[in-house]
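*Asks:* sharing a model prediction with you, sequence too.
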There are 2 protein chains.
Amino acid sequence: MSLLVSKFGGSSVASIEKITNVALRIKAMKDQGNDLVIVISAMGDTTDELVELALKTGERNNPREMDMLLSTGEQQSAALLALTLNALQCPAVSLTGWQAGIKTDGIHSKARISGIEPDRIQSEIEQDNVVVIAGFQGLSPEGNITTLGRGGSDTSAVALAASLGAERCLIFTDVNGVYTADPRIVKEASKLKQISYEEMLEMASLGAGVLQPRAAEFAMLYNVDIEVISSFNNEPGTIITEVGKMEKHRIVSGIAHDINVAKIALFDVPDQPGIAMTVFKLLADNKINVDMIIQGGVRSNRNDIAFTIEGDELNRALPLVNKVVEKIGASGMSYGKDVAKISIVGAGMQSNPGVAAAMFEALAEANINIHMISTSEIKVSCIVDEIDINKAVQVLHSKFHLDAID
Amino acid sequence: MSLLVSKFGGSSVASIEKITNVALRIKAMKDQGNDLVIVISAMGDTTDELVELALKTGERNNPREMDMLLSTGEQQSAALLALTLNALQCPAVSLTGWQAGIKTDGIHSKARISGIEPDRIQSEIEQDNVVVIAGFQGLSPEGNITTLGRGGSDTSAVALAASLGAERCLIFTDVNGVYTADPRIVKEASKLKQISYEEMLEMASLGAGVLQPRAAEFAMLYNVDIEVISSFNNEPGTIITEVGKMEKHRIVSGIAHDINVAKIALFDVPDQPGIAMTVFKLLADNKINVDMIIQGGVRSNRNDIAFTIEGDELNRALPLVNKVVEKIGASGMSYGKDVAKISIVGAGMQSNPGVAAAMFEALAEANINIHMISTSEIKVSCIVDEIDINKAVQVLHSKFHLDAID
């Protein structure tokens, strides 16, 4: 008998009919003798509808009350799933985040799980109940309801799996697993049987929307095996595990891309210590993540600095950057959202020199101009023109023979 | 500076526009220097919509999960009101029932408040926040979310007012106060300036839907002054207080009526000790309240027993009563929903004999037949044919000169 933690996303529970399908799947797992903890997102558009209501109040920046409001979505779907399971003679009980003992820090709307007190969950499991937990939420040290931010239910599930010592964490979703590239762009994209935590973390951070980066990070930290699996069919999904447990080691496992990118350049920045810090500290203080940075084009004692941020953050970033331009005495700035990021990810890269060169070669052959480059041990990312992004994914997928993977 | 507890019902917060009106009213009270605790119901039809969703799951009797589901309605409206108040520069924070320290017993869907731990509320008041509390809900000793059942938000408000030592508990509603009779039936009905707890309790129990009986009971027990007041205008409402504080003492304060009544009669019940108990214990075990009972028509050693229950409960009661009829050896039964209850209520009745006789006389003069009678110290109720009920209200209102009250 295994303890499994499963997470179902909002699209899997968008109606009572879909909730019933989920419940049947859960009942089948229960009938196989497993102990089950289920983490659930809000039904379909519930969260968006609540956000819309909140906007009508005229209050724009009150994350504490937004958390209070939005957390009801998961509580509703948890209760409805528990009702449905009971109707199917599968005893179940729903718990909110705080009832499940999920503790977070106090950063509303993007809280981080700080710990789990699993007593209540364990006592429900001992009573042979399926435990349905409202995802995406927890309780702050001040006793306030917090939400974990985008994709928080994935993180809830992985953290619960770690805390309960679960055999595996199943992430049910609307895709069949993790693919070598976005199948909408590359027809030949293959489903990966396994992928390492590190690769998944890079893929997730790079915009492959199957699993939240924070959830992959948690899984790696606590060594929880995750299976990303379809909620609409019974095919095996992709298992995310530690490198040592992988059957095959590939040099490149996948191509990730992200078009939600904006580039900002500052011209003629005085070449003095601490100047770059001024820019990036101001952005960090305003919770704007800077991704890639290049500093170059040295002429006499002045520099140009270019960097990328999330495209959605551009409007928030511009006034901040403009302020800095004056303050540090730069000669000007430029910006644009017409760029995109393309990345290759693979655990085998670190021991195989020449992978980055092969990437640049393939892009050059396709006449795709590279604006910026960043590398990590298992990843190479390039900023290219957004207009070239689909072609870039295709040529790299082909270059690294990802259509022939198994 | 006073501490006021105010409750707004579902129809007062049915849309963001209405929530804004409520918020403006709250802001005005705050600007007058009051400390404010606000108890709020779910928006308009939210609860009904959630019940409908739950019915689709096929699970019919799971009050624990229903409480989990329905309690989200009040949490949403509390958060939306807090957002709106903040948008109006009136600092506010919303709390769920459990965050507000409201403890209940474990009877899901009709829990009773067992105590309040007001630390969190008091600390929010000290920070000069308007405290918006989700009504209708609390936390059981087992750590489950409970709801208080019909009109539970009134009870939440009165219990909070008692616990916090509030100056007054304001119940905002869609009527202007407590009337001498239903103004839809009696055009001359007058609004009462004051009414005693005992009278209000009788009126509420008798179907005058302004305040829940449980809330009136709490107010009487803890000596909390309540004002029932319109949320749509600024007229003074009706103050519910202890007899000693009343300015005027009336013999009869109001006429209440209730058409949600069913009558059941058992024929030829053997005249043995414990027989009546069999019937009423079975109904009580099934949570069906028996209101009026008459036992009479003695022929030899057998009796007829007739009693009334809520009309809505008739379908549930009939199979139970049928079972008893056989078991106790009664010769048969009859039932009907074509009856109604008319009552006169007044604190001065106890020291004024002849009030009941005046009531019977007025009904007789109007050719209205009385089927059953029950009396308490401050109330006389009669069961009459439902078809006669409006006329009964009108003749009694006139008989006791209630159109001339102030």
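*Replies:* Yep, that arrived. Keep in mind it's a predicted model, so treat the numbers as computed, not measured.
*Asks:* who touches the strand or helix carrying A:Val131?
*Replies:* Assessed by DSSP states H and E, A:Val131 sits inside strand A:130-134. Contacts with strand A:130-134, where a contact means C-beta atoms under 8 Å, 6 or more residues apart in numbering or on different chains, come from A:26, A:30, A:36-40, A:71, A:74-75, A:77-78, A:81-82, A:85, A:90-97, A:100, A:102, A:121, A:124-125, A:156, A:160. No exception for glycine: its C-beta is placed from N, CA and C like everyone else's.
*Asks:* now the strands for the stretch 251-400 of chain A?
*Replies:* Along the stretch 251-400 of chain A, counting by DSSP state E, counting those that start in this stretch, strands occupy A:254-270, A:290-299, A:302-310, A:332-345, A:370-376, A:379-385.
*Asks:* could you do the stretch 101-250 of chain A as well?
*Replies:* Taking DSSP E, counting those that start in this stretch, the strands of the stretch 101-250 of chain A run over residues A:102-104, A:113-116, A:130-134, A:137-139, A:145-147, A:168-173, A:194-196, A:226-230, A:238-241.
*Asks:* the ones you listed: which one's closest to B:Ala317?
*Replies:* B:Ala317 lies closest to strand A:130-134 among these, at 35.2 Å (C-beta to C-beta).
*Asks:* ok, now which ones touch A:Asp67?
*Replies:* Contact analysis of A:Asp67 by C-beta under 8 Å, 6+ apart lists A:108-109, A:111, A:137, A:144-147.
*Asks:* now with 6 Å, please.
*Replies:* Counting by C-beta atoms under 6 Å, 6 or more residues apart in numbering or on different chains, A:Asp67 touches A:108, A:145-147.
*Asks:* neighbours of the nearest residue to A:Gln394 once chain neighbours are set aside, how many?
*Replies:* Leaving aside its sequence neighbours, A:Gln394 sits nearest to A:Val186 (C-beta to C-beta, 6 or more residues apart in numbering or on different chains; 5.7 Å). A:Val186: 20 surrounding residues under other C-beta atoms under 10 Å in any protein chain shown.
*Asks:* against A:Leu201, how distant is the residue nearest to the spatial centre of chain A?
*Replies:* The residue lying closest to the centre of chain A (C-alpha atoms, centre = their mean) is A:Gln212, at 2.1 Å. Note on A:Gln212: its distance to A:Leu201, by C-beta to C-beta, to the nearest Å, is 10 Å.
*Asks:* check A:Thr278 too.
*Replies:* Taking C-beta to C-beta as the measure, A:Thr278 falls 30 Å from A:Leu201.
*Asks:* which of these two has more neighbours?
*Replies:* Neighbour totals were compared for A:Thr278 and A:Leu201, and A:Leu201 leads with 23 against 13 (other C-beta under 10 Å).
*Asks:* residues touching the more buried one, list them.
*Replies:* A:213, A:216.
*Asks:* same check, this time on A:Val228
*Replies:* Counted by C-beta under 6 Å, 6+ apart, A:Val228 has contacts A:171, A:177-178, A:210, A:237-238.
*Asks:* and if you look at A:Ile239?
*Replies:* For A:Ile239, the contacting residues are A:194, A:227, by C-beta under 6 Å, 6+ apart.
*Asks:* could you point out which residue ranges in the stretch 251-400 of chain A have low pLDDT?
*Replies:* Low-confidence segments of the stretch 251-400 of chain A (pLDDT under 70): A:296-302.
*Asks:* tell me the least confident of the contacts of A:Val228?
*Replies:* Minimum pLDDT for the contacts of A:Val228 is recorded at A:Val210 (78).
*Asks:* so what's the residue count around it?
*Replies:* Neighbours of A:Val210 under the rule other C-beta under 10 Å: 23.
*Asks:* quick one: the closest residue in space to the residue nearest to the centre of chain A that isn't next to it in sequence from chain B, how far?
*Replies:* Excluding the flanking residues, the one nearest A:Gln212 by C-beta to C-beta, 6+ apart is A:Gly151, at 3.3 Å. Separation of A:Gly151 from chain B (C-beta to the nearest C-beta, to the nearest Å): 22 Å.
*Asks:* distance from the longest helix anywhere in chain A to the middle of the chain?
*Replies:* In chain A, taking DSSP state H as the definition, the longest helix is helix A:63-87. Taking the mean of its C-alpha atoms, helix A:63-87 sits 22 Å from the chain's own mean (C-alpha atoms, centre = their mean, to the nearest Å).
*Asks:* residues contacting the residue nearest to A:Gln394?
*Replies:* Each residue near A:Val186 by C-beta under 6 Å, 6+ apart is listed here: A:393-394, A:397.
*Asks:* phi and psi next, for it.
*Replies:* As for A:Val186, its main-chain torsions (degrees, to the nearest 10) stand at phi -120, psi 110.
*Asks:* circling back: out of the strands of the stretch 251-400 of chain A, which gets nearest to chain B?
*Replies:* Nearest of the strands of the stretch 251-400 of chain A to chain B, taken as C-beta to the nearest C-beta: strand A:302-310 at 26.0 Å.
*Asks:* what's the closest one packed up against?
*Replies:* strand A:254-270, strand A:290-299 (3 or more C-beta pairs under 6 Å, 6 or more residues apart in numbering or on different chains; DSSP states H and E).
*Asks:* deepest-packed of those strands, please.
*Replies:* Most buried of the helices and strands packed on strand A:302-310 by mean neighbour count (mean count of other C-beta atoms under 10 Å in any protein chain shown) is strand A:254-270; its value is a mean of 21.
*Asks:* which strands or helices does that strand pack on?
*Replies:* Counting contacts by 3+ C-beta pairs under 6 Å, 6+ apart, strand A:254-270 packs against strand A:302-310, strand A:332-345, helix A:389-399.
*Asks:* didn't A:Asp271 look like it was pressed against A:Asn303?
*Replies:* Yes. Assessed by C-beta atoms under 6 Å, A:Asp271 is found in contact with A:Asn303 at 5.3 Å.
*Asks:* those two: which has the busier surroundings?
*Replies:* Neighbours per residue, other C-beta under 10 Å: of A:Asp271 and A:Asn303, the larger number sits with A:Asn303, 20 against 14.
*Asks:* tell me which residues touch that one, please.
*Replies:* For A:Asn303, the contact set (C-beta under 6 Å, 6+ apart) comprises A:269, A:271, A:295.
*Asks:* which one (most neighbours) among the contacts of A:Val186?
*Replies:* A:His397 (26 neighbours).
*Asks:* near chain B, which residues of chain A?
*Replies:* Within chain A, the positions near chain B by C-beta under 6 Å from any C-beta of the partner chain are A:16, A:54, A:56-59, A:62, A:65, A:68-69, A:72, A:75-76, A:79, A:82-84, A:86-87, A:94.
*Asks:* good, wrapping up.
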